[in-house]
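Engineer: build me a model:
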Amino acid sequence: MREKIILIIVLSMSILGIDIKAQFKINSVGFYGNYTTALTNKGELKVNSTKGPGGELEVRFDMYKNLKLSINTGYQNLSINQDIHAMFAQWNWKTWKRYYGDINDTNLANFYNKYVQLLLADSSNYAATFTPNQSVEIFPVIATVSYQINPNDNLEIRPFLGAGVVFFYKSLYVEEHWRKFFKQLGGYAFDYSYRNMAEKVSGNPYVLAGGLDADYKINDYIMISGGVRYTYLLNTGSKYGYEDFTSKDLLNARLGISFMY
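Structural biologist: Reported below is the predicted structural model:
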């Protein structure tokens, strides 16, 4: 991971023509709350939305005159709304397919070789509901170069460009609620629930990023900081987990506080 981060920083600086041997010093450290949403969900996967809250840490360095280098990292937990049939097809969850089959098939086709469907075929003894929940945890590491503009003494505005990696872990579990009927006990029903979890899927697609940040100085040490960042995932096909990620891009809005050095 460390080698990838270093490569990202070097490449982003080289693309923008920055002297890598320049002397850097820390300008500020910022802490943010944010909200991330996908602008372009993958239509072929029938994804309706990918969105959720998170937090960020940013360390900013002075480079040359008004140029700044920022290293951003953080954590976002995004919920995924996806067509249930497309979701199970994408996951290819072998345990589910073996014991459950297509649990949404009201005709219980081929239920004879699916243990759970066999139980549900006898509705006088068992009933069940299945609620899938899918999410993705992302850990972005992005290096950006910005140009600082000062409309007045207290306000700083910085358009920026950069590149990075988004490490992610995608999760799926099905909330199962079961009811077993006991005819011999006068129709008594026993209810129980549990989470049936699939194995997590991970990846680390490469990204390009651009956006706008702004800071307002409260005093010589503290700034109120905010910004918007657009992140585009580079299409690497089956490599680096790109095909497992549910969107082609992400839009991030953030607000927080920065401490100046």
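
Engineer: residue contacts, residue 187?
Structural biologist: residue 181 (Cβ atoms under 8 Å, 6 or more residues apart in numbering). C-betas here are computed from N, CA, C, even on glycine.

Engineer: measure it to residue 119 for me?
Structural biologist: 18 Å (Cβ to Cβ, to the nearest Å).

Engineer: what do you get for residue 83?
Structural biologist: From residue 83 to residue 119 the distance is 26 Å (Cβ to Cβ).

Engineer: neighbour count winner among the two?
Structural biologist: Remark: of residue 83 and residue 119, residue 119 carries more neighbours, 16 against 13, as counted by other Cβ atoms under 10 Å.

Engineer: confirm the more buried one sits in a helix?
Structural biologist: Yes: counting by DSSP: H, G, I helix; E, B strand; the rest coil, one finds residue 119 located in a helix.

Engineer: once you drop chain neighbours, what's closest to it?
Structural biologist: The spatially closest residue to residue 119, leaving aside those adjacent along the chain, is residue 126, at 4.8 Å (Cβ to Cβ, 6 or more residues apart in numbering).

Engineer: and the helices in the protein, which stretches?
Structural biologist: Along the chain, counting by DSSP state H, helices occupy 2-15, 84-91, 94-99, 115-121.

Engineer: just give the closest residue to residue 114, not the sequence neighbours.
Structural biologist: In this structure, residue 114 finds its nearest non-sequential neighbour in residue 101, 3.7 Å apart by Cβ to Cβ, 6+ apart.

Engineer: pull up the gap between that neighbour and residue 81, please.
Structural biologist: Residue 101 is 24 Å from residue 81, by Cβ to Cβ.
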